[in-house]
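Novice: quick one, fold the following:
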Amino acid sequence: GSSCEKCDFETDLCKALHESNLQSGWIRRNGRSGMGPPYSDHNGNDSAYFLSLSPEMRSSSATLRTNVFLPTDKEHVCQITFHYWISQMSGTLVVGLQKLSEDTITNIWQVSGELQNQWKANTITINSTENYEV
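Specialist: Numbers count the residues shown, from 1 in each chain. Now for the predicted structure:
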């Protein structure tokens, strides 16, 4: 069966993410925060929360890590669908995979800021024979 978990940031970080993450340059806000675009979430709701890079982070990078996921196989496929917004030409969003036995993070998807100022959705499928974080 599908064990889909929705992650909407309405009350806090969702279970999939490390709670310690928000110190790393991300803030939880909505479109009414007075911080500029986006002025709503991907559904057009201006009071719905999303994660955003804090203004001080404009020129550097910030990471969000998931908790540990179990290995995947034919019955247990991992698909992650996420909505994203890139407003800077220089901005790049990268999805990386870190396996339990590896120190390095392998980039499995990335996008740069050429399509600006609109919400986009993307789904990635992950295969890993061991525990991993994204």
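
Novice: what is Q110 paired to in the beta sheet?
Specialist: Residues in a beta bridge with Q110, per DSSP bridges, are V94.

Novice: and it, how far from R65?
Specialist: To R65, Q110 is 17 Å away according to CB to CB, to the nearest Å. In short, each C-beta sits where N, CA and C put it, glycine included.

Novice: mind jotting down where the strands sit in this structure?
Specialist: Under the criterion DSSP state E, the chain carries strands at the ranges 26-30, 49-53, 78-84, 92-99, 106-112, 120-126, 132-133.

Novice: other SSEs contacting the first one?
Specialist: Applying 3 or more CB pairs under 8 Å, 6 or more residues apart in numbering; DSSP states H and E, one finds that strand 26-30 contacts strand 49-53.

Novice: for the strand it packs on, which outside residues touch it?
Specialist: The contact list for strand 49-53, computed with CB atoms under 8 Å, 6 or more residues apart in numbering, reads 8-10, 25-30, 35, 38, 41, 62, 64, 83, 85.

Novice: just the buried ones from those?
Specialist: Among the contacts of strand 49-53, those buried by neighbour count (16 or more other CB atoms under 10 Å) are F9, G25, W26, I27, R29, N30, P38, D41, L64, W85.

Novice: among the residues you listed, show me the least confident.
Specialist: pLDDT across the buried ones among the contacts of strand 49-53 is lowest for G25, at 86.

Novice: picking up where we left off before, so which of the buried ones among the contacts of strand 49-53 comes closest to Q79?
Specialist: L64 (17.8 Å; CB to CB).

Novice: how near is that closest one to E19?
Specialist: From L64 to E19 the distance is 11 Å (CB to CB).

Novice: try L93
Specialist: 22 Å.

Novice: in stretch 75-86, what's buried?
Specialist: C78, I80, W85, I86.

Novice: for the first one, give me its contacts.
Specialist: The one in question is C78. Applying CB under 8 Å, 6+ apart, the residues near C78 are F69, T72, T125, I126, N127, S128.
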